[in-house]
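*Asks:* Next one to model:
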Amino acid sequence: MQEQIIRTEYSELMQKAYIDYAMSVIVDRALPDVRDGLKPVQRRVLYDMHELGIHYDKPYRKSARIVGDTMGKYHPHGDSSIYDALVVMAQDFKKGMPLVDGHGNFGSIEGDGQAAMRYTEARLQKVTEQIFLADLDKNVIDYRPNFDETEKEPVVLPVRIPNLLVNGAEGIAVGMATSIPPHNLGEVIEAVEAYIKNPDITVEELMEYVKGPDFPTGGIVVNKDDLAEIYTTGTGKIKIRGRVEVEDLKGGKKAIVVTEIPYPMVGANIGKFLNDVYALVETKKATDIVDISNQSSKEGIRIVIELRKGADVEYIKNLLYKKTRLEDTFGVNMLAVCDGRPETLSLRDIIRHHVNFQYEVNTRKYTTLLKKEQDKKEIQEGLIKACDVMDLIIEILRGSKNIQDAKRCLTLGDTSNIKFKHRLSEKSASLLRFTERQAQAILEMRLYKLIGLEIEALMKEHETTIRNIEKYEKLLGSRLAMAKEIMKELAGYKKEYARKRRTSIENAKEIVIEEKKIEEQDVVFLMNRFGYVKTVDVATFERNLDAAREESRYIIPCKNTGKICIFTDKGQLHTLKVMDVPFGKFRDKGIPVDNISTYSSEKEQMLLVASMDYLRNTMIFMASSDGMLKQVKGEEFDVAKRNTVATKLNEGASLLKVQAVTGMESVVMETKDGMFLRFQIMEVPEKKKTAVGVRGMKIAPDDRLREVYILQEGDSLEVERHGSVVNLSRLRMAKRDGKGTKR
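*Replies:* A predicted model of the protein is given here:
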């Protein structure tokens, strides 16, 4: 075979390949179909369970069997993704209407993981079989070959309710994601009925039935007025609050009890909520909280927050809503696959697609049933007719040499190969004109069918068949009759499976927390050589002055409302609020500064620690390891961020010196080879913190900067280098950017 080389632009090839990949993920993996509200993996799991016969009234089967069978027949991807889909469909705290009946550990609302698939078992829910998998034998949907073309799988399941709304959906595709909240089954069915009666109904009118989301975890939706726009555009944000109750405790105390949580809190975010409450207590923002305990069980959520006697309960409730996940946001993006492509849908669009799908499913169903009844009618009419001439038929059968001769006589009246006892019988036989199906049924009929009661039953069955044919023809010939049939089915589902709404829908005012004003006072910030920090009041510090000076690495007078700034050799500035630093007794150990700031003692080294109030009125001198110098106004470091860049550094350089200066000092730069250069600090220009600075000294290529000293007027500082003592204050004053002198 001759080799064929196709030349193409690489960018075009990549673009086509990426688009193919993206569409594959969007349509075949991540997004649900608007018709059945299921992703492909969910659809395949349910269909496989149906094919395996794991019905609601049959014993449970191992999850591993279901996962393996689904993976081998329909879904050639990782077993974990299939099992995760199975688990989610069984979790009543994630699905408004669970589709799988799980037996064993299928995880918990608090984020505990499910047991391995070899330990758990599952079967279909009754609702799944009745609403999702019924009528598969009536040609109601199309099938397509599976991945290796050895099996057939459904393109979509004949779901009879808008599952996309009832159970919602979440999925991340390539460049897009879907996030649809669950809704109340009864309300959704009412909305579908309203649309069937009036296809021109608006979203606002549909919302008279669908009040809003109905989360399985309950809670309170607090932005009711925003829902109309969300359901019209298909996008928006829903604000949900947990439901709390106030209980009286002994001693006049009260407790705030969380009984329902916001839907986004399901899982690990319950632990995050507890940690947020702990943080409020530790930072003294919620000093009235004395204890918090998670008493949740299988019966439901119960998180108890115990308060001090006389605590402001309303303030604490508002604080929890504002500062923790007790009020959260659910981002809505009602994206689904419609006609093979992703589309953002409104509430009305979803119901419209569902109703159209129901007409299609029911049309195919009743067309199939009508064909079966018509075939049945043909056979029944043949058998009834045969009962009237049964003696003749028996004579034909006894006079036939083979079954073909008998069938020809019954269908065509051909008597040439049949012996008759009487010529009159032969003449009567020549008039017979049964159809092929009727003749076959007559030949297969058993003699007991000739009993009078059996003939009577056949007549009744024929009457039923006639009525069914009339019914099916009426349904197929009248859209109004079909609509009534669909609504009748929906009413049955509503009666059997609808439940009361769990989530309340209301408008609530935006919570505004008036921060309790902290009484400003002077404190002293102390950091020991191990990096533990604390604050004490001024009187305590003065009583322990000698011990404080001996034990502390940094002693910084400041206000309790101020900030502490930490400059590091990486050119970073870390700030922490003084209020976040533990305040207490002098002998208290304190807390590692790493725990309450973005500073990491393992990755960087402190060069300067000072209060923001002090820095605000000073100039900061900075020197980097490559000899670059600058002065920066201290007010530039007054930033809101907890971590920011203090200075720009050249590649490979680090900060060597950071110090507050007055402008009257002198600078001494020392290199490894013993070169010293002294000059006035006023020669170092003022720069912005984002600047690198200017060169302070010409350093030989094989030499590097060792240290930078700042000398006050009158200082006498000596350093020992290479066996001799160098008095830095006696060095000749030179100009910046010189080579210096050898010492």
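*Asks:* any idea which helix or strand comes after the top helix by length along the chain?
*Replies:* For the chain, the longest helix by residue count, based on DSSP state H, is helix 347-388. Following helix 347-388 in sequence order, the next helix or strand is helix 390-399 (DSSP states H and E).
*Asks:* Check which helices and strands that next one sits against.
*Replies:* Where contact means 3 or more CB pairs under 8 Å, 6 or more residues apart in numbering; DSSP states H and E, helix 390-399 is packed against helix 403-412, helix 423-429. Glycine gets a C-beta too; all of them are placed from N, C-alpha and C.
*Asks:* tell me the angle of the longest helix of the chain relative to helix 390-399?
*Replies:* 80 degrees (axes from the mean of the first three to the mean of the last three CA atoms, to 10 degrees).
*Asks:* Now do helix 347-388: distance to the chain's middle.
*Replies:* From the chain centre to the centre of helix 347-388 is a distance of 41 Å (CA atoms, centre = their mean, to the nearest Å).
*Asks:* so what secondary structure elements neighbour it?
*Replies:* With contacts defined as 3+ CB pairs under 8 Å, 6+ apart, helix 347-388 has these neighbours: helix 163-166, helix 185-197, helix 203-206, helix 436-444, helix 452-477, helix 479-497.
*Asks:* Apart from its neighbours in sequence, what residue is nearest Leu412?
*Replies:* Residue nearest to Leu412 in three dimensions, not counting chain neighbours: Arg433, with 7.6 Å by CB to CB, 6 or more residues apart in numbering.
*Asks:* Which strand or helix spans that neighbour?
*Replies:* According to DSSP H and E, Arg433 maps onto no helix or strand at all.
*Asks:* How many residues are close by it?
*Replies:* By other CB atoms under 10 Å, 12 other residues sit near Arg433.
*Asks:* and it, how far is that from Leu227?
*Replies:* Distance of Arg433 to Leu227, computed by CB to CB, to the nearest Å: 68 Å.
*Asks:* could you dump the lowest-mean-pLDDT helix or strand in the chain to PDB, C-alpha only?
*Replies:* When each helix and strand of the chain is scored by mean pLDDT, DSSP states H and E, helix 10-25 comes last, with a mean of 73. Output in PDB follows, covering the C-alpha atoms of helix 10-25 (Å, rounded to 0.1, in the frame of the first residue of the first chain):
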ATOM      1  CA  TYR A  10      -0.300  22.300  13.000                       C
ATOM      2  CA  SER A  11      -2.500  25.000  14.600                       C
ATOM      3  CA  GLU A  12      -5.500  23.900  12.500                       C
ATOM      4  CA  LEU A  13      -5.000  20.300  13.500                       C
ATOM      5  CA  MET A  14      -4.700  21.200  17.200                       C
ATOM      6  CA  GLN A  15      -7.800  23.400  16.900                       C
ATOM      7  CA  LYS A  16      -9.900  20.600  15.400                       C
ATOM      8  CA  ALA A  17      -8.600  18.000  17.800                       C
ATOM      9  CA  TYR A  18      -9.400  20.300  20.800                       C
ATOM     10  CA  ILE A  19     -12.900  21.100  19.600                       C
ATOM     11  CA  ASP A  20     -13.600  17.400  19.100                       C
ATOM     12  CA  TYR A  21     -12.300  16.600  22.600                       C
ATOM     13  CA  ALA A  22     -14.300  19.500  24.100                       C
ATOM     14  CA  MET A  23     -17.600  18.400  22.400                       C
ATOM     15  CA  SER A  24     -17.000  14.800  23.500                       C
ATOM     16  CA  VAL A  25     -16.700  15.900  27.100                       C
END
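*Asks:* now, of the helices and strands packed on helix 347-388, which is deepest in the fold?
*Replies:* helix 163-166 (a mean of 27; mean count of other CB atoms under 10 Å).
*Asks:* and the helix or strand following that one, what's its mean pLDDT?
*Replies:* Moving toward the C-terminus from helix 163-166, the next helix or strand (DSSP H and E) is strand 169-172. The average pLDDT for strand 169-172 rounds to 88.
*Asks:* packing partners for strand 169-172?
*Replies:* Packed next to strand 169-172, using 3+ CB pairs under 8 Å, 6+ apart, are strand 177-180.
*Asks:* is it true that Arg553 touches Phe525?
*Replies:* No. With contacts defined as CB atoms under 8 Å, Arg553 does not count as touching Phe525, sitting 11.2 Å away.
*Asks:* Chain neighbours aside, what residue packs nearest to the residue nearest the centre of the chain?
*Replies:* Nearest to the mean C-alpha position of the chain, counting by CA atoms, centre = their mean, stands Glu170 at 5.8 Å. The shortest distance from Glu170 to any non-neighbouring residue, by CB to CB, 6+ apart, is to Ser179 (5.5 Å).
*Asks:* bridging residues for that neighbour?
*Replies:* Under DSSP bridges, the beta-bridge partners of Ser179 are Glu170, Asn333.
*Asks:* doesn't Gly331 make contact with it?
*Replies:* Yes. Counting by CB under 8 Å, Ser179 touches Gly331, with 5.4 Å between them.
*Asks:* pLDDT wise, what is the closest residue to Glu489 other than its chain neighbours at?
*Replies:* Spatial nearest neighbour of Glu489, excluding adjacent residues (CB to CB, 6+ apart): Arg160 at 6.2 Å. Note on Arg160: pLDDT of 95.
*Asks:* Wasn't Arg160 part of a helix?
*Replies:* No. Going by DSSP: H, G, I helix; E, B strand; the rest coil, the assignment for Arg160 is coil, not a helix.
*Asks:* How many neighbouring residues does it have?
*Replies:* 24.
*Asks:* same check, this time on Lys585
*Replies:* Lys585 - counted by other CB under 10 Å - has 10 other residues nearby.
*Asks:* Just to be sure, it is in a helix?
*Replies:* No. Under three-state DSSP, Lys585 falls outside any helix and is assigned coil.
*Asks:* That one is in contact with Val536, isn't it?
*Replies:* Yes. Taking contacts as CB under 8 Å, Lys585 lies within contact range of Val536: 7.2 Å.
*Asks:* quick revisit: quick check: angle from the longest helix of the chain to helix 403-412?
*Replies:* Angle between the axes of helix 347-388 and helix 403-412 is 100 degrees (criterion: the same axes, to 10 degrees).
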